[in-house]
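**Q** what's the 3D shape of this:
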Amino acid sequence: MLDKVRVVMVETTHPGNIGAAARAMKTMGLADLRLVAPKIHPSAEATARASGAGDILANARVCADLDEALEGATLVVGTSARLRRVPWPCLTPRQLTAQLQHEPDDTRIAVLFGREDRGLTNEELHRCNLHVTVPTNPDYGVLNVASAVQLLAYELRLALVGDEAEPRGARSKRATMPLPEMFWDVEPASNQTVQGFLEHLERLMEDSGFLDPEQPGQVMTRMRRLFLRARPDKMEISILRGTLVALEKRLRGQDSR
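**A** Residues are numbered from 1 along each chain as shown. Next up, the predicted model:
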């Protein structure tokens, strides 16, 4: 499962943070690093901070935008320290990784880390199925982005690989009480596929007159939350897209009368 986890750093300003994040990843067995429009990359400072994880930096994929970085992902997790106007499913790192233990083996996970000064934008967080927040000191909740990568990478390793230092008795006891594995007949839709459906839905809602593009309110935010929380599979999205196409044809037919 660690091979199916990618770390996505969005518009990182300081190259040292990229190097430190690469080191954190390699220490925990993660290898897929994607950088969305970094300010400086490659950098000698990043290589120095990587301290032996230069291969992670060398293989890091630099992406022009978030769409490219999320290509193929079926579960997107955004890190955030801020409360949102419209609440989103939000977990601690440990709650997140407990949930990941029961994901299908073909789940492709992307974990997003935002800018040093302001994190992820609302629009970027609206691309995420889940949000994760690190419980910190309420009097000082500032967490360096590379430190956040280290913390999440550690929890991911514990959840997906296990703690080799755990006493055998504790492991065997836990192994006797597994949750049943979920069987699903169709693989989950990718983030891009769901995004395409939501854009299609928004256009149709505007064309029908239901949604006023000048005063949209929080309608699409809530629609995004609904479908990203539901995590529909490919067939379900295909059915929904087909329904939208049929409704569009009916609307066009009525307009031509």
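**Q** so where do the helices sit in the stretch 151-257 of the chain?
**A** For the stretch 151-257 of the chain, the helices defined by DSSP state H, counting those that start in this stretch cover 168-175, 191-207, 219-230, 234-255.
**Q** and for stretch 149-156, what's in contact with it?
**A** Stretch 149-156 is contacted by residues 2, 5, 7, 9, 20-21, 24-25, 27-28, 30, 79, 93-94, 96-97, 100, 111, 113, 132, 134, 143 when judged by C-beta atoms under 8 Å, 6 or more residues apart in numbering. Using the backbone N, CA and C atoms, a C-beta is placed for each residue, glycine as well.
**Q** and it, what's its mean pLDDT?
**A** Over the span of stretch 149-156, the pLDDT mean works out to 95.
**Q** what are the buried residues along that stretch?
**A** 149-153, 155-156 (16 or more other C-beta atoms under 10 Å).
**Q** export it as CSV, just CAs?
**A** C-alpha atoms of stretch 149-156 as CSV (Å, rounded to 0.1, in the frame of the first residue of the first chain):
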residue,chain,number,x,y,z
VAL,A,149,4.9,15.3,6.1
GLN,A,150,7.0,13.4,8.7
LEU,A,151,4.1,13.0,11.0
LEU,A,152,1.7,11.7,8.3
ALA,A,153,4.3,9.5,6.8
TYR,A,154,4.9,7.8,10.2
GLU,A,155,1.2,7.2,10.7
LEU,A,156,0.8,5.9,7.2
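**Q** does A148 touch T79 like I think?
**A** Yes - at 5.9 Å, A148 counts as touching T79 under the criterion of C-beta atoms under 8 Å.
**Q** overlap in contacts of those two?
**A** Common neighbours of A148 and T79 (C-beta under 8 Å, 6+ apart) are 113, 134.
**Q** before we move on, back to that, among the helices of the stretch 151-257 of the chain, which is nearest D65?
**A** Taking C-beta to C-beta, helix 191-207 is the member of the helices of the stretch 151-257 of the chain nearest to D65, at 11.7 Å.
**Q** what sits up against the closest one?
**A** Residues contacting helix 191-207 (C-beta under 8 Å, 6+ apart): 67, 70-74, 76, 110, 127, 189, 211-213, 219-220, 223-224, 227-228, 232, 234, 237, 240-241, 244, 247-248, 251.
**Q** quick check on the residues you listed: which are buried?
**A** Buried members of the contacts of helix 191-207, counted by 16+ other C-beta under 10 Å: 70-71, 73-74, 76, 110, 127, 189, 211, 220, 223-224, 227-228, 232, 237, 240, 244.
**Q** how many residues are close by R225?
**A** When neighbours are defined as other C-beta atoms under 10 Å, R225 has 19 of them.
**Q** ok, back up a step: output the buried residues of stretch 149-156 in JSON lines; the columns should cover distance to P15.
**A** Shown next, in JSON lines, are the buried residues of stretch 149-156 (distance: C-beta to C-beta, whole Å):
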{"residue": "V149", "distance to P15": "14"}
{"residue": "Q150", "distance to P15": "17"}
{"residue": "L151", "distance to P15": "21"}
{"residue": "L152", "distance to P15": "20"}
{"residue": "A153", "distance to P15": "19"}
{"residue": "E155", "distance to P15": "25"}
{"residue": "L156", "distance to P15": "24"}
